[in-house]
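[1] With the input below, show me the fold.
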Amino acid sequence: MYNHAPHDYICPICSGVNGIKNSQTLIRSQDIVYQDKLIAVFIASFFIKGSEGHLIVVPKQHYENLYDLPDNIGASIFQVSRHMATVMKRAYKCQGVTVLQNNEPASGQHAFHYHLHLFPRYPNDHLHQNMANKQETTTVQRLPFIQKIKARI
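    Numbers count the residues shown, from 1 in each chain. Below is the predicted model:
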């Protein structure tokens, strides 16, 4: 409906979910903390100071944005997101969870595959101010967060 991916777009989320290593994706198969037949959840490859280890929930099939998402997939994303938010609260001992999902470039969508962010929140973490200073991480840096989440699923 409202699509912005170029014709020759190589989707970094599809590549990551399917275990394909290329220059378009930083997602590695070990980053995936949960998956079922429709949905995958992984630790973000970029950390936001104060909310490190946030989760990203995606449909395994490619849909560019909310406008393209079938209702049954949206319902599954909601169910998995709710479950993973409670897992994150136990794993990280955070005091809240921010859910963020962008559609189209004007809203900040940077990967043209529907994805929903779950940010752990703490008092005075300054999440919104720190968004502009995201830091790329390595799989070694993500590993403690992966282990914490997987231990509580």
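[2] end-to-end on stretch 15-29?
    Stretch 15-29 has an end-to-end distance of 10 Å (C-alpha to C-alpha, to the nearest Å).
[3] Let the chain start at 259 from now.
    Yep, numbering from 259; the last one is stretch 273-287 now.
[4] contacts for it?
    With contacts defined as C-beta atoms under 8 Å, 6 or more residues apart in numbering, stretch 273-287 is touched by 268-272, 289-290, 293, 298, 300, 303-304, 316, 318, 394, 397. (C-beta placed from N, C-alpha, C; glycine too.)
[5] From I301, how far off is the residue most central in space within the chain?
    Central residue of the chain (C-alpha atoms, centre = their mean): I314, 1.3 Å from the mean position. Relative to I301, I314 is positioned 8 Å away (C-beta to C-beta, to the nearest Å).
[6] what does E310 give?
    Taking C-beta to C-beta as the measure, E310 falls 9 Å from I301.
[7] who's more crowded, those two?
    I301 (27 against 19; other C-beta atoms under 10 Å).
[8] So what pairs up with the more buried one in the strands?
    For I301, the beta-bridge partners under DSSP bridges are L313.
[9] Now do the same contact list for it.
    Residues near I301 by C-beta under 8 Å, 6+ apart: D289, V291, G311, H312, L313, I314, R400, F403, I404, I407.
[10] wait, isn't the second one in contact with V315?
    Okay, so that is V291. No. In this structure, V291 is not within contact of V315 by C-beta atoms under 8 Å, at 10.3 Å.
[11] Return every residue with contacts to both of those two.
    Counting by C-beta under 8 Å, 6+ apart, the residues touching both V291 and V315 are V299, M342.
[12] could you list every residue that touches G354?
    P378, R379, Y380.
[13] Please report how far it lies from D383.
    Applying C-beta to C-beta, the value for G354 to D383 is 9 Å.
[14] Next: V299.
    To D383, V299 is 21 Å away according to C-beta to C-beta.
[15] Which one of the two is surrounded by more residues?
    Between V299 and D383, counted using other C-beta under 10 Å, the more crowded position is V299 (25 against 19).
[16] that's a strand at that one, yeah?
    Yes. Assessed with DSSP: H, G, I helix; E, B strand; the rest coil, V299 lies in a strand.
[17] pretty sure it is touching H341, no?
    No. Counting by C-beta under 8 Å, V299 does not reach H341; the two are 9.1 Å apart.
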